[in-house]
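A.B. asks: sequence below, structure please.
(one chain, ligands or ions: 1)
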Amino acid sequence: MSAMKNQVRTTISLSTLPVRQRHLLKQICRLADERDLSVYLVGGVVRDLLLKRGNWDLDLTVEGDGIAFARLVADRYGAGLAVFERFATARLTFPNGLKLDIATSRRESYAQPALLPTVQHASIEEDLSRRDFTINAIAVQLNQRQFGRIFDPYEGQRDLCARTIRVLHAGSFLDDPTRIFRAIRFEQRFGFRLERTTLHLLAQAASTNLIQRLSGPRLRNEILLLFAERNPVLTIARLAQLKLLRFLHRRLCYVKNVKQVVSAVPKALAWWTRRFPDSVIDRPMVYLMALSSESSPLVVATMIRRLALSREQAKNMRVGGSRIDRARKRLTDARTIRPSQVYRLLAGFSGEALVLLLARQVAMRHEVLLRRLKRDLVSYVKSRTVKTSLTGRDLQALGLKPGPQYSTILGKLLAARIDKLITTEAEERAFVRKWLGERNVHDDHR
Ligand code: ATP
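C.D. replies: The predicted structure follows:
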């Protein structure tokens, strides 16, 4: 990284932090000095300061009781406080919206691999030694007399310069297999490479079944964080290369069809967000859906369980396969299709499912059909804002008995509105009367 200019520093100026953050840190350090506590900035923010990348997630570590110190800060500055005793950490939310995590510098021991560790107070050096990679194991002291002094016992700066991800010890991935995914996340994000021994250790850990021991939420979290990075297509290819996809499902393969759909997602997402800037799409979820889009319902169901997906995520995964493709085929059939039919076909799908549907078409590389599908999607999103003037109450006033026919007639009215066969309330009333008339004649003849 040119920003590092191959230099290993002993101090760093925090002047690139925004003023509000810097001011907050100064205040906190004064308080720490008053109490004779050593306080450090640690983790991702230090790494990103050295890389000159914006990251304003402030993580502090206190040599001593971090939670007690966090309470003191919260009292002094009127900040909200959430305490996580099990991890000896606290999160502060200041009245101006700034957030800050304060932890007790600690040692961790793993009673069993892949489970959460036990935590004991320790020095900053020991605290750094429990961290995942050298580039994340750098601390900056904040106490006034040593403000800006860098602690880099594992030569994280050297690895930043060499653009390398390196674990601190040989058992690192075995202690905590989430680090396997974290390694790939940082490698892909920064365009770094895994140091040779680290890659070897990662491959070794991945060849065991340790990842199976991770709980569903922890595995899901890592996978979705990976897919939230800037280029999930490369990340997924890397997961496949390192034989890690099997932990989502042992039969999940990165075959040509899946690769084509996954590779089409960025284009589909870009079009969708340009066309509908207000719609909120869970991007990582679209990649997960794309990845499983050629899998059988049975495989998808197992993945849903393994990753402990939420009800909404599970629903997305289930429609992600053949249902989406059936809808895509209907829409790109040679026949012309009315806007109300498009509406009916797509009404049950989430935004994520619609983006995937588009991605599947992008993957087909058929420009004419792609243009038609995009037109249909625009028409569908417009249709979603169409409403009928009449409601159930109006139907009652028109003499219609409440019952299932209400949704039939309101559905017909909505379709007629969407197709612009009807544009006013008067026309809606006439439509209902005519429909009722026809029904009565029909009933009379029975
Ligand atoms: P990001 O920029 O993605 O937030 P980060 O490095 O800040 O990256 P966090 O998950 O917020 O990542 O973790 C903060 C710090 O805590 C890391 O920099 C690392 O030092 C340490 N850490 C986090 N997860 C682990 C882990 N699984 N094992 C060891 N250390 C970890």
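
A.B. asks: what residues does stretch 115-125 touch?
C.D. replies: 38, 40, 61, 63-65, 86-88, 104-111, 130, 139, 151, 153, 175-176, 213 (Cβ atoms under 8 Å, 6 or more residues apart in numbering). The C-beta positions use only the backbone N, C-alpha and C, and glycine is treated the same way.

A.B. asks: out of these, list just those in helices.
C.D. replies: Here DSSP state H is the test, and these give D175 as lying in helices.

A.B. asks: from the contacts of stretch 115-125, which are also near the ligand?
C.D. replies: For the ligand, the contacts drawn from the contacts of stretch 115-125 by Cβ under 6 Å from any ligand atom are D176.

A.B. asks: partners of the worst-scoring helix or strand of the chain on mean pLDDT in the sheet?
C.D. replies: Of all regular secondary-structure elements in the chain, judged by mean pLDDT, DSSP states H and E, the least confident is strand 118-121 with a mean of 71. The strands that strand 118-121 pairs with in its sheet are strand 106-109 (antiparallel) (by DSSP bridges).

A.B. asks: just to revisit the earlier point, in PyMOL, how would I select just the buried ones from the contacts of stretch 115-125?
C.D. replies: Of the contacts of stretch 115-125, the buried ones go into a single PyMOL selection, burial set by 16 or more other Cβ atoms under 10 Å:
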select buried, resi 38+40+61+63+87+88+104+105+106+108+130+139+151+175+176
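
A.B. asks: taking this structure, what residue is nearest to the ligand?
C.D. replies: Of all residues in the chain, G44 sits closest to the ligand, at 2.2 Å by Cβ to the nearest ligand atom.

A.B. asks: got the contact list for the nearest residue to F349 once chain neighbours are set aside?
C.D. replies: Leaving aside its chain neighbours, F349 sits nearest to V319 (6.3 Å; criterion: Cβ to Cβ, 6 or more residues apart in numbering). V319 makes contacts with 348-350, 353, as judged by Cβ under 8 Å, 6+ apart.

A.B. asks: quick one: V319 from M285, how far?
C.D. replies: Per Cβ to Cβ, to the nearest Å, V319 is found 12 Å from M285.

A.B. asks: circling back to that earlier point, in strands only, show me the contacts of stretch 115-125.
C.D. replies: Mapping these onto strands (DSSP state E) picks out 38, 40, 61, 63, 104, 106-109, 139, 151.

A.B. asks: now those as a markdown table including distance to D376 and pLDDT?
C.D. replies: A markdown table is the format used below for the ones in strands among the contacts of stretch 115-125 (distance: Cβ to Cβ, whole Å; pLDDT from 0 to 100):
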| residue | distance to D376 | pLDDT |
| --- | --- | --- |
| S38 | 62 | 95 |
| Y40 | 56 | 96 |
| T61 | 54 | 96 |
| E63 | 62 | 93 |
| T104 | 57 | 92 |
| R106 | 56 | 83 |
| R107 | 59 | 80 |
| E108 | 54 | 76 |
| S109 | 58 | 73 |
| A139 | 55 | 97 |
| F151 | 58 | 96 |
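
A.B. asks: can you redo those residues as JSON lines with distance to R393?
C.D. replies: Formatted as JSON lines, the entries for the ones in strands among the contacts of stretch 115-125 read as follows, by distance: Cβ to Cβ, whole Å:
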{"residue": "S38", "distance to R393": "69"}
{"residue": "Y40", "distance to R393": "65"}
{"residue": "T61", "distance to R393": "62"}
{"residue": "E63", "distance to R393": "68"}
{"residue": "T104", "distance to R393": "62"}
{"residue": "R106", "distance to R393": "63"}
{"residue": "R107", "distance to R393": "68"}
{"residue": "E108", "distance to R393": "63"}
{"residue": "S109", "distance to R393": "67"}
{"residue": "A139", "distance to R393": "66"}
{"residue": "F151", "distance to R393": "71"}
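
A.B. asks: those: which two are farthest apart?
C.D. replies: In the ones in strands among the contacts of stretch 115-125, two members sit farther apart than any others by Cβ to Cβ. They are S38 and S109, at 22.9 Å.

A.B. asks: residue contacts, the residue of the chain closest to the ligand?
C.D. replies: By Cβ under 8 Å, 6+ apart, the contact set of G44 is 55, 57, 59, 136.

A.B. asks: make it 10 Å
C.D. replies: When contacts are counted by Cβ atoms under 10 Å, 6 or more residues apart in numbering, G44 touches 53, 55, 57-59, 135-136, 186.

A.B. asks: repeat for A430
C.D. replies: 422, 424.
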